[in-house]
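Visitor: sequence? don't have it. structure:
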């Protein structure tokens, strides 16, 4: 009887381990402050500036001059008031523009509302990412996609 019981409990132990692995959830990440990007909205299109058709070809020295857009950002962040607000643009698949590295913004804050403007190169659809940091520690982040540029006519 003892051996039969051991054989029977082994599959139960395996099943319970398998079930606990299925229902196990990883620990919650460090508490980051809540953040959301209110503006621009997904699929919004902004007017671009600085587009010079004669310099917009691939063979132009320094690459095509496609222009840039100034995107107005409005966000909600409930974290520390002395945080630095950064943003970057990541070109989506099929975009012909180039993304940007993280850049600090000159942001204005009113309560939990933050507003700033960023200059992003023209070139199709982007994912816009915003973060708040203190030193190298990220306090909160938000993103929208896609957003893009329209040319002046």
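Guide: That came in fine, so what should we check first? Nothing here was measured: the structure is a model prediction, and the numbers come from that model.
Visitor: show me where this structure has its strands.
Guide: 35-39, 44-49, 68-77, 84-91, 103-104, 108-110, 113-121, 126-134, 137-150 (DSSP state E).
Visitor: in contact with residue 36, which residues?
Guide: Each residue near residue 36 by C-beta atoms under 8 Å, 6 or more residues apart in numbering is listed here: 75, 76, 142. Where you see a C-beta, it was placed from the backbone N, CA and C, and this is true even at glycine.
Visitor: point out where the protein drops to low pLDDT.
Guide: 1-33, 50-60, 62-66, 149-153 (pLDDT under 70).
Visitor: returning to what we had before: ok, of the contacts of residue 36, which come out buried?
Guide: 75, 142 (16 or more other C-beta atoms under 10 Å).
Visitor: need the contacts of residue 36 in a markdown table with distance to residue 96, can you?
Guide: Compiled in a markdown table, the contacts of residue 36 are given as follows (distance: C-beta to C-beta, whole Å):
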| residue | distance to residue 96 |
| --- | --- |
| 75 | 28 |
| 76 | 32 |
| 142 | 26 |
